[in-house]
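Asker: Predicted model, plus sequence, below.
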Amino acid sequence: MQSRDVLRYAFSQVEETLRGSLDGLTAEQLDTRVGPDANPIGWLAWHLLRVQDDHVADVAGSDQVWTAQGFARRFDLPVEASAIGYGMSSEEVAAVRIEDPALLVEYSTAVHARTAEFLAGLGDGDLDRVVDTRWDPPVTLGVRLVSVLGDDLQHLGQIGYVRGLLGS
């Protein structure tokens, strides 16, 4: 098995788990905050997908699914099209309301497809390519992809926890 196959499998597990975590939830449940400043499921899912979309597009040298496929327009959120959720205040998080759960799943499918397409073209040597020199040591493609996976998995755990608190 090559590293790209492991990465493709890992990202497919993120998509499958997210899809299962969102299954049957209403827009109201997606937007429910279990504490005054807690992140709701909808925001967590949106943020997870936005980070993956943003970071994969960056290393692939491609446009983000969010803008290229019209999801920014379709979601019609009161945030900049470039927003991915980092650094948002509690009020900004509350403003990201997911009105259509099916649209969130559609965006997830599109982001996963783009990620899988990118990963399919990688060879093991590609993972050593430096993709971000702002850090010391510089970040390689392999490190960036594992970082995205780590972020995705943390947010999936948070989604599962919040869903449990909601009794869903």
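Answerer: Sure, I can see it. Numbers count the residues shown, from 1 in each chain.

Asker: tell me, what residue is most central in the protein?
Answerer: Taking C-alpha atoms, centre = their mean, the centroid of the chain lies closest to residue 49, which sits 1.9 Å from it.

Asker: Could you give the secondary structure assignment for that residue?
Answerer: Using DSSP: H, G, I helix; E, B strand; the rest coil, the structure places residue 49 in helix.

Asker: In contact with it, which residues?
Answerer: Residues near residue 49 by C-beta atoms under 8 Å, 6 or more residues apart in numbering: 18, 104, 107-108, 111. In short, each C-beta sits where N, CA and C put it, glycine included.

Asker: which residue packs closest to it, ignoring adjacent ones?
Answerer: Nearest non-adjacent residue to residue 49, counting by C-beta to C-beta, 6 or more residues apart in numbering: residue 111, 5.1 Å away.

Asker: who's in contact with the one you found?
Answerer: Residue 111 neighbours (C-beta under 8 Å, 6+ apart): 15, 49, 52-53, 56, 65.

Asker: got it, and residue 62?
Answerer: Residue 62 touches 68, 114, 118, counting by C-beta under 8 Å, 6+ apart.

Asker: Report the contact partners of the first one.
Answerer: Residue 68 sits next to residue 62 when contact means C-beta under 8 Å, 6+ apart.

Asker: oh, and call the first residue 54 from now on, that's how I've got it
Answerer: Done: numbering now begins at 54, and the last item shifts to residue 121.

Asker: The protein: helices as residue ranges?
Answerer: Using DSSP state H, the helices of the chain run over 56-75, 80-84, 94-113, 118-121, 124-128, 143-148, 154-173, 194-219.
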